[in-house]
Every structure is written in structure tokens, then in C-alpha cells.
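Asker: pasting the sequence and the predicted coordinates here, then a few questions.
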Amino acid sequence: MDAFTVVFGGLLAFVVTILLLGMFSKRSALDILDWEPTRSPEVEAQNDVDDVAQMIAAQNELRRRRGLPERDEQQIEASVRRHRAELDEQRQRYSWPES
């Protein structure tokens, strides 16, 4: 038997053993790793709100430099709705007819 066969066979046996242990274990991966989220969902939601406010402020700064009026969140949402409606219309116009 050559060394490659022994090493490859041992590695394959190791991987199969690990997979079988994972499949038949009663504990979840979170229990094994003792994992807990680092931040609460409330903190994550607040971070998302803060991120949106920072992005709008950055866009408004660029718009001021170019001499354009500032936009608020409602105007941006209306713009997104218009663009989505345009994309839906284009998709319907250019889609293949269903048979």
C-alpha cells in the first residue's frame, strides 16, 4: 500500500466520522459552540435606522455641493416606488408570453 492511499483513506475516514457525529448528535451546533448573538435585535434595528440616516445625510451633502435640493426619506421612498413601477412595466412589456 502506498502512502497516498493511507493518508487519503485516513482523511476520508476522519471526514465521514465527523459528519456522522454531527448528524446523530443530540446537541445543536449553537450548544456545542456556546454561541450567543453579540447584539440584541433592538440594537441591530437601531443600527439600521442610524445607517439609513447617515446615508441620507451623505447624499444630501453631495447634493448641496452640486447645488441640488436636499431629499428626505419620504422623497427617496417615493422615488424607489416609481422606479420599481417602471421596472415592473418594462418586465411585463418585454417578457415572453406565457403559453
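Answerer: Right, received. Where do you want to start?
Asker: show me the shaky parts of the protein.
Answerer: Scanning the chain for pLDDT under 70 picks out 98-99.
Asker: in it, which spans are helices?
Answerer: Per DSSP state H, the chain carries helices over the ranges 3-24, 29-33, 41-66, 73-94.
Asker: make JSON lines out of the ones you listed and add mean neighbour count.
Answerer: Where C-beta positions appear, they are placed from N, C-alpha and C, glycine not excepted. Shown next, in JSON lines, are the helices of the chain (neighbours: other C-beta atoms under 10 Å):
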{"stretch": "helix 3-24", "mean neighbour count": "10"}
{"stretch": "helix 29-33", "mean neighbour count": "10"}
{"stretch": "helix 41-66", "mean neighbour count": "11"}
{"stretch": "helix 73-94", "mean neighbour count": "10"}
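Asker: quick one: the residue most central in space within the chain from residue 73, how far?
Answerer: Nearest to the mean C-alpha position of the chain, by C-alpha atoms, centre = their mean, lies residue 48 at 13.2 Å. Applying C-beta to C-beta, to the nearest Å, the value for residue 48 to residue 73 is 13 Å.
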